[in-house]
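Undergrad: requesting a structural model of the entry that follows:
(one chain, ligands or ions: 1)
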Amino acid sequence: MFRHLQRKTSSSLKVTVSARPAIRPLPDIVEKLSRRKFNCPDCRKTFVVYHSPAFCVFSGRLETTSSVLEAISVARESLAMEDRIMDADQREDLRAAGVFDATARSIVEQFASHFESLFRHAFSTRVPEAESLIPAGGNPFQRAEFVESAMRADVGIDLPRELGVDTWERICLTIAKRHVLIHNGGIVDAKFLKTVSISQYEIGERLMITRQDADAALTDLERLVSILRMHGRSSATRSEPK
Ligand SMILES: [Zn+2]
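TA: Numbers count the residues shown, from 1 in each chain. Take a look at the predicted model:
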C-alpha cells in the first residue's frame, strides 16, 4: 500500500507563471463631507453631523422639546426645497407630480405625533403618579381636548389662554385634518365638520393641505415648545380632588 502511494506521487508537477497577476486598485475611501454643525440645545456644545441627530455626542438622547425642534427644522428645509429648484420647468414638473403637496401633507400628518410626544412627556415628568391618570387606550395625547384639560387641571398650563384662542383652534384643526388624512384617505367626513367650527369644506370633498398650512403647523409646534420650556418642570400644580 505504501509502495503504491509512493509510485503515485513520484510524477513531478511543474508550475510556471506566464503572466504577472493583475493589480487591481483598492477601492477609494471617500469620507462624507461634514455638512452641518449642530448646536445641542440641551448642553450647548457643538458638533458636526451628517444627518439630523436624535442624540448628542456629549449629553446623550435629546430632550423631547429639542428633538421636536430638530424635526421642525428638517420639516422647514423640506418645505423650502421648492424655492431652491431654479429650473422653472423642473419645479413645475415636481409640482405636477405632487411632490410639494406630499411634503406639506406629511408635515400635517406628523404634527399629531410631535404634539403627543411633547405633552405625554410634559405630563409624565410634571405630574406625580401620572401613569394612573392617563387613560389606557386611544392615544389620549393625540386628542386636543384631553391635552387641554389635563394640562390645565394637572400641570397648571392653560394652553388656549397662553397661545391665544385662534392658535389653539388652528392646532385643533390641524389634528382634525391629520385624522382625515390618516383615517379617511383625505376625504372630508361628518366627524371632521363637527370638530371644526368654521370650514369651507363639504362632506366627500378632498382635503387640501397647502404649504401655508404646513408652515403654520410648524410655527404652532414651536409655540408649544416655548410654552413648555417657559414653564419648566417646577410648575406642577396637581389640583386636589374636590
Ligand atoms: Zn448635548
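Undergrad: quick one, phi/psi of residue 39?
TA: phi -90, psi 110 (degrees, to the nearest 10).
Undergrad: state the distance from the most centrally placed residue in the chain to the ion.
TA: In the chain, the centroid-proximal residue (C-alpha atoms, centre = their mean) is residue 71; its distance is 4.9 Å. According to C-beta to the ion, to the nearest Å, residue 71 stands 17 Å off from the ion. In this view, the C-beta of every residue, glycine as well, is placed from N, C-alpha and C.
Undergrad: measure residue 194 to residue 176 for me?
TA: In this view, residue 194 and residue 176 are 9 Å apart by C-beta to C-beta, to the nearest Å.
Undergrad: mind checking which of these two has more residues around it?
TA: residue 176 (21 against 10; other C-beta atoms under 10 Å).
Undergrad: buried set for the stretch of helix or strand the more buried one belongs to?
TA: Residue 176 is located in helix 165-183, with elements delineated by DSSP states H and E. Neighbour counts over helix 165-183 (16 or more other C-beta atoms under 10 Å) mark 167-181 as buried.
Undergrad: and if you look at stretch 36-56?
TA: Quick answer for stretch 36-56 (16+ other C-beta under 10 Å): 38, 40, 41, 53, 56.
Undergrad: one step back: now do the helix holding residue 176: which elements does it pack against?
TA: Secondary-structure packing of helix 165-183 (3 or more C-beta pairs under 8 Å, 6 or more residues apart in numbering; DSSP states H and E): helix 99-126, helix 144-150, helix 159-163, helix 190-195, helix 211-231.
Undergrad: rank the ones you listed by pLDDT, which is bottom?
TA: The minimum mean pLDDT among the helices and strands packed on helix 165-183 belongs to helix 190-195 (a mean of 86).
Undergrad: what are the contacting residues of that helix?
TA: 172, 173, 176, 177, 179, 180, 184, 199, 201, 202, 203, 207 (C-beta atoms under 8 Å, 6 or more residues apart in numbering).
Undergrad: quick check: closest non-adjacent residue to the third one.
TA: Which is residue 176. residue 195 (4.3 Å; C-beta to C-beta, 6 or more residues apart in numbering).
Undergrad: now the second one
TA: Across the structure, with C-beta to C-beta, 6+ apart as the measure, the residue nearest residue 173 apart from its sequence neighbours is residue 196 (5.3 Å).
Undergrad: same check, this time on the first one
TA: Nearest residue to residue 172 in three dimensions, chain neighbours excluded: residue 144, at 4.5 Å (C-beta to C-beta, 6+ apart).
Undergrad: with the fourth one instead?
TA: Closest residue in space to residue 177, ignoring its immediate chain neighbours: residue 108 at 5.6 Å, by C-beta to C-beta, 6+ apart.
Undergrad: enumerate every residue touching the one you found.
TA: Residue 108 neighbours (C-beta under 8 Å, 6+ apart): 174, 177, 178, 181, 209, 213, 214, 217.
Undergrad: if we go to 6 Å?
TA: 174, 177, 178, 209, 214, 217 (C-beta atoms under 6 Å, 6 or more residues apart in numbering).
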